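Engineer: Turn this into a structure:
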Amino acid sequence: MRRLPVRLRPLLAAATTLLATTLLALTLTATPARATLEPKAPEDFVALGTVDPTILEDIRYFTRHNFVGERVDGYQQPLCILTRPAAEALHKAQTELLRQGYTLKVYDCYRPQRAVDHFVRWAKDLDDQRMKTEFYPQVDKTRLFTDGYIAEKSGHSRGSTMDLTLVKL
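Structural biologist: Residues are numbered from 1 along each chain as shown. Okay, here's the model as predicted:
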C-alpha cells in the first residue's frame, strides 16, 4: 500500500474532521424516527431476491399495467415476498431450469388483504373495463367471482402462493 504524499496529509485530515463533525451534527439534529403504521411481514417471510436474485420479478400490481389498470393497494415496493420454504423451493426449481435454458419470472407473490379488497371493489364495479382487451378479453366481468378469478380471501395472503411463468433464455 502506498503512503499518502506529505503535502496531501493536512487536506485528508481536514476532510476527515469535516466529515466527522457533519455526521455528529446530523446525528444530534436528526428528527426522531416515527413509528410506521404499515404492517410488517412475519419473520419467516423473505424477499425472493435475497434467496435467488436470478429469478425475474415483474410485480405488476405495483404498477398500473395490470388487469385493474391502477396501482393496487398494499404494494409499497415491487418485491416478491414469500415464506422462506416457498422461496427456497423456487430457488431449487430455478437452479434446474437454468441448466435447461429457462428462467422463472414471478408476477405476484405475497398479497396483503387490502390488495384483495381492492380487487373485490374493482370486480364489483362492472362499468370499469378499461383493461379488458389486454388482460381478460374472453372473460365476462360479471362471472369473476363465480368462476374463481376473484375471491374475498386469497391464498397469496399466506405467502406461499405466487403467479409465475417460464421464460426461455
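
Engineer: pLDDT wise, what is Asp36 at?
Structural biologist: Just to correct that, residue 36 is Thr rather than Asp. In the prediction, the pLDDT value recorded for Thr36 is 48.

Engineer: One more: Gly74?
Structural biologist: For Gly74, the pLDDT comes out at 93.

Engineer: So it is in contact with Phe119, correct?
Structural biologist: No. Using Cβ atoms under 8 Å, Gly74 is not in contact with Phe119; the gap is 10.4 Å. (Each C-beta comes from the backbone N, C-alpha and C, glycine too.)

Engineer: what's the spacing between the helix or strand hosting Glu96 and its chain's center?
Structural biologist: Take DSSP states H and E as the rule and Glu96 turns out to sit in helix 84-99. In terms of Cα atoms, centre = their mean, to the nearest Å, the centre of helix 84-99 is found 18 Å from the chain centre.

Engineer: so what secondary structure elements neighbour it?
Structural biologist: Applying 3 or more Cβ pairs under 8 Å, 6 or more residues apart in numbering; DSSP states H and E, we find helix 84-99 packed against strand 45-47, helix 48-51, strand 102-108.

Engineer: Just put these in a markdown table and tack on distance to Leu169.
Structural biologist: Compiled in a markdown table, the helices and strands packed on helix 84-99 are given as follows (distance: least, Cβ to Cβ, whole Å):
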| stretch | distance to Leu169 |
| --- | --- |
| strand 45-47 | 23 |
| helix 48-51 | 18 |
| strand 102-108 | 6 |
